[in-house]
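Visitor: Could you look at this predicted model? Sequence included:
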Amino acid sequence: MASVIQRRSSSSSPCRGWNFDVFLSFRGEDTRHNFTDHLYKALVRERIHTFRDSEELRRREAIAGELLKSIEESRICVIILSENYADSGWCLDELAKIMEYRMKQTGKLVFPIFYRVEADDVRKQQKGYGKAFADHESRNRDEEGLRKIERWREALSMVGNIGGWTLRDDRSELAVIQEITSTIWKCLNRERFHVDKNIVGRGHGRASSSTSASTDPWEYEVYINFSAEDARYNFTDYLYAALHQKGIRTFREEELRGEEVETSIFKAIEKSRCILVIFSQYYADSHRSLEELVKIIECKNQIGKLIIPIFYHIDPSDVRKLNGSYNYAFRKHEGNSYAHKKQRWRDALRLVANLSGWHVRDGSEADAIEEITGAIFGRLSQKVLYVEEGLVGMDFGFIDTIVQKIKPLSSDVLMVGIYGLGGIGKTTIAKVLFNHIASDFMVASFIADVKESSKRNGLLHLQMQLLRDSSIRNIESVSNVDEAIPIIKARLCFKKVLLVLDDVDHSRQLEALAGDHNWFGPGSIIIVTTREKHLLEDTMNSLYEVKKLNYKGSIELFSWYAFNQNHPKERYETLSKSVVHYLDGLPLGLKALGRFQRGKTVREWESELRKLKQEPNQEILVVLKRSYDELDDMQKQIFLDVACFFNGEDKDFVTRILDACNFCADGGIRVLTDKCLLSILDNKIWMHDLIQQMGRDIVRQESPRYPGQRSRLCNPEVISCVLTEKTGTEAVDGILFNFSIPKPIHITTESFVKMKNLRLLKFYSQLESTSAKEHNGVQLSKDFEFPSYKLRYLYWQGYPLESLPSSFYAK
């Protein structure tokens with residue numbers, strides 16, 4: 001059916017999660033037997049695993065399931081947009097699916113090839129594309145058909161805005177195919193990209209300026225828009241030279257020869273990754289500069305396009321409001337042939353002047369140019385954070401929500417808080433989001449592990465990292481946190497910043513690094529991850545709680561780490577289900593135990609599972625216990641009581657008991673909830689299974705060998721031994737005894753005599769019989785007594801005697 005070839009040996013073999021390197025989408029009647037055939041064979045020669053559908057598949061009425069699966073499982077989708085591409089509903093359905101998966105799958109790349117058509121005609125559905133849509137609309141007049149056509153239009157508009165290749169009659173098809181193949185090969189072989197499962201991004205190094213191929217193959221990296229009258233031979237000249245010195249391909253007007261200048265300039269704007277707009281005193285006098293600015297605004301939605309203003313000895317408000325020289329220039333335009341264009345110019349000036357940029361006034365122009373070129377170099381050489389394998393089950397809906405909030409010309413500063421249990425995936429989500437959107441910001445800084453880094457190196461160290469990531473110079477003399485704050489505010493308030501603060505645990509960290517929205521320029525986004533929900537509630541624009549994985553996502557993630565595939569191996573299905581049930585959707589645990597169990601026999605698995613029921617995996621425990629270690633003593637006591645006695649109980653009921661123990665329950669429960677150690681649902685207190693096991697393990701570690709010396713007892717077998725052997729001590733202050741055990745026990749006064757600090761005592765049975773007398777699980781002597789002076793809660797299901805001891809002290 002489909003024509004594919006598997007590479008025998010290549011460093012770029014398909015990553016786990018991708019079954020194909022490349023999917024080719026094309027109109028068969030236009031290009032199957034010429035351009036597409038040559039491209040397919042060129043990819044095959046490079047051993048690139050390519051899917052190209054057969055002619056039989058396309059004879060069906062609806063898009064085939066094989067194609068949908070191949071689109072989803074392909075790392076790169078190459079779309080050959082030819083003259084009659086839009087005639088085919090099949091092709092348009094295929095394109096809509098490709099663009100849908102592009103949004104859902106992090107790392108999915110889309111490369112358009114405009115084969116003897118203009119990108120603008122594709123984007124706006126003009127000429128042949130317009131005629132094709134008129135035909136579609138005449139044949140699809142019902143509601144469902146119109147919705148389908150709207151999806152097709154959106155897909156064409158999106159793909160038309162992605163940088164790709166345009167093949168016209170004046171270009172060699174062979175040369176274009178070589179360039180495309182080279183680009184794809186480099187992506188897959190990580191020359192410029194780090195690839196890890198579903199993650200792709202630019203590498204840490206920067207390619208030579210002579211290399212023209214890239215994921216979005218821009219012809220130029222920087223285009224400078226300026227007024228020749230007052231900026232060409234000073235600031236702009238120096239800026240161009242500095243950019244060139246750093247190897248940044250910058251468009252220069254003098255390069256134009258023998259073509260219509262305006263058309264060539266507009267093409268250069270479209271093909272430039274970053275646009276620098278230099279607003280100077282006489283900028284608005286130049287109708288040509290203003291026309292270029294309008295074109296720049298038209299291109300603002302190109303994926304990855306950066307538009308950055310530089311206010312050169314001019315106040316930004318004069319540009320926005322058309323004051324001063326800008327007002328005078330527009331009054332002059334009233335009397336010439338450009339008057340009808342004034343409103344478009346006004347709108348363009350206002351929009352760009354509202355963006356974050358640089359204000360060059362007093363001080364060294366050389367220093368300003370060095371800062372600008374350093375920031376541009378940083379953006380074009382954007383680092384990509386390593387994200388560990390295992391993005392199964394990740395909530396990409398949240399990432400899409402944030403991406404949708406990024407508007408190229410937005411003036412809002414957005415602060416987003418991500419909170420959740422330790423090991424639930426907060427940092428992974430933040431990294432994926434950072435890699436996905438960092439290229440849209442002038443400054444991008446990811447400050448990892450804020451909690452530990454601030455303890456180890458101090459907050460000033462983190463502030464210096466933020467300033468260095470912002471290409472800010474001469475900061476060596478900054479000696480303390482309070483001195484750094486005004487510098488951060490002053491230097492970043494005009495810049496569009498993406499700042500991620502990972503694992504924040506104290507308000508002073510936020511105060512030192514992101515104290516307020518007005519610290520950052522228009523369009524900035526600040527993302528904070530934490531286990532401490534209360535830190536986010538007063539400062540963030542929106543909050544997002546990371547939820548545990550569902551069963552399907554859990555079994556798939558665990559299987560990747562345990563078996564290197566997305567489902568359990570034969571004979572391991574039941575064991576895998578037991579592990580997944582035990583881990584209860586915690587990604588950290590699923591990865592850790594998957595790695596730990598990998599390669600072991602069934603008997604070894606069974607042994608490890610028995611051990612896990614007694615004590616948790618240490619790798620998981622270390623991460624979860626960090627939040628517990630930060631609690632004060634009373635909060636720890638409340639946490640351990642819930643872990644041992646009250647998980648799933650009514651909050652008001654638990655609060656009354658804990659208050660009776662002088663534990664200040666309301667405040668303590670709030671702290672535990674803020675730290676994601678507890679959750680409240682329908683007024684019941686719930687604790688994740690692994691958190692509960694951690695709490696019980698903390699109690700077990702109080703006296704591993706002698707359980708009678710532990711503070712809380714809740715294991716039926718342990719309690720049975722302690723009561724039977726009479727080894728309980730003053731350390732015991734709570735017992736939760738499920739006496740649904742096959743072997744009856746006999747309890748005497750001596751069993752409790754040393755437990756003088758007992759405050760919680762619950763005996764219950766999970767059997768259908770509600771009477772301990774009927775069950776006969778617990779036998780008491782008639783003279784039975786137990787310490788009750790400090791007892792605050794007593795529940796004894798089916799108490800076997802007629803009355804409580806005469807010495808019972810009730811308070």
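Guide: Cool, got the structure. Keep in mind that this is a model prediction, so the values were computed, not measured. Numbers count the residues shown, from 1 in each chain.
Visitor: number of nearby residues for the nearest residue to Lys451 once chain neighbours are set aside?
Guide: Spatially, and ignoring its direct neighbours in sequence, Lys451 is nearest to Asp505 (4.3 Å; C-beta to C-beta, 6 or more residues apart in numbering). Using the backbone N, CA and C atoms, a C-beta is placed for each residue, glycine as well. Residues near Asp505, counting by other C-beta atoms under 10 Å, number 19.
Visitor: next one: phi and psi at Asp505?
Guide: phi -130, psi 10 (degrees, to the nearest 10).
Visitor: Now do the same contact list for it.
Guide: 450-451, 530-532, 535, 630 (C-beta atoms under 8 Å, 6 or more residues apart in numbering).
Visitor: Can I get the residues you listed in a markdown table including neighbour count and secondary structure?
Guide: Listed next are the contacts of Asp505 as a markdown table, based on neighbours: other C-beta atoms under 10 Å; DSSP: H, G, I helix; E, B strand; the rest coil:
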| residue | neighbour count | secondary structure |
| --- | --- | --- |
| Val450 | 24 | helix |
| Lys451 | 18 | helix |
| Thr530 | 26 | strand |
| Arg531 | 23 | coil |
| Glu532 | 22 | coil |
| Leu535 | 20 | helix |
| Glu630 | 16 | coil |
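Visitor: For these, which two are the farthest from each other?
Guide: Among the contacts of Asp505, the pair separated by the greatest distance (C-beta to C-beta) is Val450 and Glu630, at 14.1 Å.
Visitor: Out of the contacts of Asp505, which is nearest to Ile184?
Guide: Val450 (38.3 Å).
Visitor: quick one, strands of the stretch 551-700 of the chain?
Guide: Counting by DSSP state E, counting those that start in this stretch, the stretch 551-700 of the chain has strands at residues 679-681, 684-686.
Visitor: helix, strand or coil for Phe446?
Guide: Assigned by DSSP: H, G, I helix; E, B strand; the rest coil, the conformation of Phe446 is strand.
Visitor: Tell me how far it lies from Tyr238.
Guide: 32 Å (C-beta to C-beta, to the nearest Å).
Visitor: try Glu270
Guide: 26 Å.
Visitor: cool, Ser576 as well?
Guide: 64 Å.
Visitor: Check Ala484 too.
Guide: 30 Å.
Visitor: Neighbour count for the two, which is higher?
Guide: The residue with more neighbours, out of Ala484 and Tyr238, is Ala484; 21 against 15, by other C-beta under 10 Å.
Visitor: Once you drop chain neighbours, what's closest to the more buried one?
Guide: Per C-beta to C-beta, 6+ apart, closest to Ala484 is Gln463, 4.1 Å.
Visitor: Could you say which helix or strand holds the one you found?
Guide: helix 459-469 (DSSP states H and E).
Visitor: quick check: mean pLDDT across that helix?
Guide: Summarised as a single mean, pLDDT over helix 459-469 is 92.
Visitor: Name the residues of that helix that are buried.
Guide: 459-460, 462-467, 469 (16 or more other C-beta atoms under 10 Å).
Visitor: returning to that earlier point: tabulate the contacts of Asp505 in TSV, adding columns for distance to Phe114 and pLDDT.
Guide: Below are the contacts of Asp505 laid out as TSV (distance: C-beta to C-beta, whole Å; pLDDT from 0 to 100):
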residue	distance to Phe114	pLDDT
Val450	45	94
Lys451	49	91
Thr530	46	93
Arg531	49	90
Glu532	50	88
Leu535	49	90
Glu630	57	87
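Visitor: Can you give the distance from stretch 738-750 to the centre of its chain?
Guide: Here stretch 738-750 is found 52 Å from its chain centre; the criterion is C-alpha atoms, centre = their mean, to the nearest Å.
Visitor: Using PDB, write out every CA atom in it.
Guide: Only the C-alpha atoms of stretch 738-750 are listed here, as PDB (Å, rounded to 0.1, in the frame of the first residue of the first chain):
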ATOM      1  CA  ASN A 738      -8.500  -3.500  61.700                       C
ATOM      2  CA  PHE A 739      -9.200  -6.700  63.500                       C
ATOM      3  CA  SER A 740     -10.500  -8.500  60.300                       C
ATOM      4  CA  ILE A 741      -7.800 -11.100  60.800                       C
ATOM      5  CA  PRO A 742      -8.200 -14.900  60.700                       C
ATOM      6  CA  LYS A 743      -6.400 -15.400  64.000                       C
ATOM      7  CA  PRO A 744      -8.200 -14.100  67.100                       C
ATOM      8  CA  ILE A 745      -6.100 -12.300  69.700                       C
ATOM      9  CA  HIS A 746      -6.500 -12.000  73.500                       C
ATOM     10  CA  ILE A 747      -5.900  -8.600  75.000                       C
ATOM     11  CA  THR A 748      -5.300  -7.900  78.700                       C
ATOM     12  CA  THR A 749      -4.800  -4.800  80.800                       C
ATOM     13  CA  GLU A 750      -1.100  -5.400  80.600                       C
END
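Visitor: List the buried residues for that stretch?
Guide: 738-739, 741, 745, 747-749.
Visitor: got the contact list for Val413?
Guide: 517-518, 520-526.
Visitor: Let's see that with 10 Å instead.
Guide: Residues in contact with Val413 (C-beta atoms under 10 Å, 6 or more residues apart in numbering) are 356, 493, 496-497, 514, 516-526, 541.
Visitor: Read off the pLDDT value for it.
Guide: In this prediction Val413 is given a pLDDT of 90.
Visitor: Setting the sequence-adjacent residues aside, check what's closest to it.
Guide: Spatially, and ignoring its direct neighbours in sequence, Val413 is nearest to His517 (4.2 Å; C-beta to C-beta, 6+ apart).
Visitor: Then Gln692?
Guide: Counting by C-beta to C-beta, 6+ apart, the residue nearest Gln692 is Ala643, at 4.9 Å.
Visitor: Next: Arg571.
Guide: Val602 (5.9 Å).
Visitor: ok, His38 touching Thr31?
Guide: Yes. With contact defined as C-beta atoms under 10 Å, His38 and Thr31 form a contacting pair (9.4 Å).
Visitor: out of those two, which sits in the busier spot?
Guide: Thr31 (23 against 15).
Visitor: separation between the more buried one and Arg168?
Guide: 15 Å.
Visitor: pretty sure Val416 belongs to a helix, no?
Guide: No. Assigned with three-state DSSP, Val416 falls outside any helix and is strand.
Visitor: Next up, phi/psi of the residue lying closest to it once chain neighbours are set aside, please.
Guide: Excluding the flanking residues, the one nearest Val416 by C-beta to C-beta, 6+ apart is Ile527, at 5.0 Å. Backbone torsions for Ile527, taken as degrees, to the nearest 10, come to phi -120, psi 130.
Visitor: now do Leu81
Guide: Per degrees, to the nearest 10, the backbone of Leu81 is at phi -90, psi 100.
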